[in-house]
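Asks: Sequence first, then the predicted structure, then my questions.
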Amino acid sequence: MDVKEQILEHAKQEYPNECCGVVIIFKGKERYHPCKNLATEADDNFILSPVDYAEAEDKGEIIKIVHSHPASNPEPSQADLVGIERSGLPWVIVNPLTGSFTESEPSGYQAPLIGRRFVHGVLDCYALIKDYYETILEIDIPDFDRENYWWEKGQNLYVDNFQKAGFHRVDDLREHDGIIIMSGSSTPNHAGVYIGDNKILHHVQHRLSSRDVYGGYWLKNTWAVVRHEMFL
């Protein structure tokens, strides 16, 4: 079988979950290397097994990332487009039911701040804050590894890392401040950016990113207001 046939066969085997893998150059030819999908919601997401990825790297040069869209056409989603930019590699997407493929290369894509679909670790509340600071303020803040539902696993993304990202707790509230929130949890597990006019820009799980009034539930459950050192 050629590479496309191998990819399609893998996608059919993994259906209704997403398959994932990489294309490598091995002895001067393209070869498909299937990888395990570690995503907890594998029917709508994929996380390449780092062990399988490393094994592929040992065999040859990785030239493409592969995954399937079991329930939709193979056009890249917002999260896929972000992933393409992060990887710096072309992505091949296949639909196992229709056998249709797309291949997309890095093109400088940036997800819009408003209306992005939630995908943990790619387009989530922290990613929105990071992108806001980069695109609006030209301030680069670090990314941090985070497991899905990290706040239920003894991890503390915001409390442990806000100072490492250049933020400090403050007692007042100004435009561009970060707002760290406890949303249905005793651990601060959500955050947004205060954009003035009593509005917060944030991305709630299972919702599109949006501007909302900073009051009621969000104000009541605020754990801290933090300000980047550039504005102190």
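Replies: Ah, there it is.

Asks: can you pull the contacts of the residue lying farthest from the centre of the chain?
Replies: Each residue of the chain has a distance to the centre, and by C-alpha atoms, centre = their mean the biggest one is for Lys27: 33.6 Å. Residues near Lys27 by C-beta atoms under 8 Å, 6 or more residues apart in numbering: Gly60. C-beta: built from backbone N, CA, C; applies to glycine.

Asks: Assumed Leu201 was part of a helix.
Replies: No: assignment of Leu201 by DSSP: H, G, I helix; E, B strand; the rest coil gives strand, placing it outside any helix.

Asks: quick revisit: let me know the pLDDT of the residue farthest from the centre of the chain.
Replies: At Lys27 the predicted local distance difference test score is 89.

Asks: One more: Asp44?
Replies: So Asp44 comes in at 89 (pLDDT).

Asks: didn't it look like it was pressed against His67?
Replies: No: here Asp44 lies out of contact with His67, judged by C-beta atoms under 8 Å, at a distance of 11.2 Å.

Asks: ok, the spatially most central residue of the chain to Gln78 distance?
Replies: Nearest to the mean C-alpha position of the chain, by C-alpha atoms, centre = their mean, lies Val122 at 0.5 Å. With distances taken as C-beta to C-beta, to the nearest Å, Val122 is found 9 Å from Gln78.

Asks: do the same with Ala54
Replies: Applying C-beta to C-beta to Ala54 and Gln78 gives a distance of 28 Å.

Asks: same deal with Ser49?
Replies: Distance from Ser49 to Gln78, by C-beta to C-beta: 24 Å.

Asks: And the helices in this structure, which stretches?
Replies: Secondary structure of the chain by DSSP state H: the helices cover 3-14, 50-59, 78-87, 125-135, 157-161, 216-220.

Asks: Figure out which of those is closest to Ile195.
Replies: helix 125-135 (8.4 Å; C-beta to C-beta).

Asks: Outside of the closest one itself, list whatever touches it.
Replies: 110-111, 113, 116, 121, 139-141, 143-144, 146, 157-158, 176, 178, 190-193, 201-205, 209, 228.

Asks: show me what contacts Lys164?
Replies: Pro142.

Asks: how about a cut-off of 10 Å?
Replies: Ile141, Pro142, Phe144 (C-beta atoms under 10 Å, 6 or more residues apart in numbering).

Asks: Can you select the buried ones from these in ChimeraX?
Replies: Buried subset of these, written as a ChimeraX selection, criterion 16 or more other C-beta atoms under 10 Å:
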select :141,144
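
Asks: Can you lay out the contacts of Lys164 as a markdown table showing distance to Ser185?
Replies: Below are the contacts of Lys164 laid out as a markdown table (distance: C-beta to C-beta, whole Å):
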| residue | distance to Ser185 |
| --- | --- |
| Ile141 | 23 |
| Pro142 | 23 |
| Phe144 | 18 |
